[in-house]
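> Sequence and predicted structure, then a few things I'm wondering about:
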Amino acid sequence: MNKHIGACAAVVISAACLAPFAASAGPAGDAQIRALEARFGKAVGDKNLDAVMKAYSPDVFVFDVVPPRQYVGAAAYRDDWKGVFAGYAGPVKFEMTDLVVSSDGAVGWSHSIQRMSGVDPKGAASEFTVRVTDVYRKRDGAWRIAQEHVSVPVDLATGKADLTSKP
């Protein structure tokens, strides 16, 4: 009889210890990450640098489509976003499609297609489409992008980037 009580107690204790992790995983975590991406998309469309940076963890690591090879930390990546917004004379249109999100515990990941368009400072139309893979971390109840990889397809025969890629 004591064996059964001990086994039951072990199951109850294990479940209690794992409950905080289960609460942040799966559909609820996925929905929170989707909400983060929606806020991010609105911030980009508004050219709101402070709101864009709220999506990123302070220690974010990024492989972007433009040099340098990598950005380490939100401060470095903030400068990159400043440059992106400076490349548009007026408002920008931001579209995110094909967003697929998954989460498990305090970690999540996604991939999407992101397109920005507008007018550059010289008055010419400007648009580009990128592929984005994000890794998220949940800390203190909030999801943030901890790692980001932005890329474009490259035509290997010409060495040219395809900045308006279509499926």
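That came in fine, so what should we check first?
> can we go C-alpha only for contacts and neighbour counts from here?
Fine.
> Quick check: which helices or strands does the helix or strand hosting residue 93 pack against?
Element membership of residue 93 [criterion: DSSP states H and E] is strand 92-104. Packed against strand 92-104 by the contact rule (3 or more Cα pairs under 8 Å, 6 or more residues apart in numbering; DSSP states H and E) you find helix 26-45, strand 107-119.
> which secondary structure elements does the shortest one contact?
When contacts are defined as 3+ Cα pairs under 8 Å, 6+ apart, strand 107-119 sits against helix 26-45, strand 92-104, strand 125-139.
> got the contact list for the residue most central in space within the chain?
Nearest to the geometric centre of the chain sits residue 134, at 4.1 Å (Cα atoms, centre = their mean). Shown in contact with residue 134 (Cα atoms under 8 Å, 6 or more residues apart in numbering): 109-111, 145-149.
> returning to what we had before: give the pairing partners of the strand holding residue 93; include direction for each.
Applying DSSP bridges, strand 92-104 is found paired with strand 107-119 (antiparallel).
> between the partner strand and helix 26-45, how many degrees?
If you take axes from the mean of the first three to the mean of the last three Cα atoms, to 10 degrees, strand 107-119 sits at 20 degrees to helix 26-45.
> Check the offset of strand 107-119 from the chain's centre.
Distance of strand 107-119 from the chain centroid (Cα atoms, centre = their mean, to the nearest Å) equals 8 Å.
> same deal with stretch 42-54?
With Cα atoms, centre = their mean, you get 13 Å for stretch 42-54.
> how long is that stretch from one end to the other?
End-to-end distance of stretch 42-54 (Cα to Cα, to the nearest Å): 12 Å.
> Would you mind checking the average pLDDT for it?
Taken as a whole, stretch 42-54 has an average pLDDT of 97.
> just stretch 107-125 next, same as before
96.
> which of the residues in it are buried?
Within stretch 107-125, the residues scored as buried using 16 or more other Cα atoms under 10 Å are 107-120.
> Looking at the contacts of residue 134, spot the one nearest residue 166.
Distances from residue 166 to the contacts of residue 134, taken as Cα to Cα, are shortest for residue 111 (15.7 Å).
> who's the closest one bridged to?
Counting by DSSP bridges, residue 111 forms beta bridges with residue 100, residue 133.
> Can you list the buried residues in stretch 53-62?
Buried, per 16+ other Cα under 10 Å, within stretch 53-62: 53-58, 60-62.
> Could you report the separation of residue 59 from residue 71?
For residue 59, the distance to residue 71 (Cα to Cα) stands at 10 Å.
> Give the burial count for the closest residue to residue 81 other than its chain neighbours, as a bare number.
Leaving aside its chain neighbours, residue 81 sits nearest to residue 49 (7.1 Å; criterion: Cα to Cα, 6 or more residues apart in numbering). By the criterion of other Cα atoms under 10 Å, residue 49 has 16 neighbours.
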